[in-house]
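# what follows is a predicted structure for the sequence shown.
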Amino acid sequence: MLSNTSKYGIRAVIYIASREAENSKTGLIQISKDLKLPSPFLAKILQQLAKQKILISLKGPHGGFSLQRKPEKISLYDIVTTIDGDGMFTDCIIHNTKCGDVENKHKECPVHHDFAEIRKKLIQYFKKTTIADLVEKARDLDRVVI
């Protein structure tokens, strides 16, 4: 359901947030190594999140990434829509259009009405679930690396 890009972005932001107590920037190579993610791909994702003011990116020997906002103020919705846009929450699961698009009403798919309630709950979940929530859950599971 989520793209690998969004999954990697979420994992990286959780990882960075879990290290925030150390008051340090976390380097790309360290994130990539600990999360076992490809560095070039991860770099693009993290830069995209920095452009949208979810992360701070500092270059240089003491550089790295940190959160731009408090983890309680970053939702899963923020990360997914920054990386992939809102298509996951608006696109029809069968047609290549926005779900409920008035111009394409005649193309309403067979699951449109059934999926509408699921979509509504999915949006609510992604908007209310914060990085702080996920860091806490990871700690409860004794998962240092996501």
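Looks like it arrived, so ask away.

# show me which helix runs longest in this protein.
Secondary structure of the chain per DSSP state H: the longest helix is helix 112-128.

# can you pull out the strands in the protein?
55-58, 64-67 (DSSP state E).

# picking up where we left off before, flag every buried residue along the longest helix of the chain.
His112, Phe115, Arg119, Phe126 (16 or more other CB atoms under 10 Å). Any C-beta I mention is one placed from the backbone N, CA and C, and that applies to glycine too.

# from those residues, which has minimum pLDDT?
Within the set of the buried residues of helix 112-128, pLDDT is lowest for His112 (80).

# hmm, Thr97 and that one touching each other?
No. Counting by CB atoms under 8 Å, His112 sits too far from Thr97 to count as a contact (10.8 Å).

# in the protein, which spans are helices?
Under DSSP H, the chain gives helices at 4-18, 28-35, 39-51, 76-84, 87-90, 112-128, 131-140.
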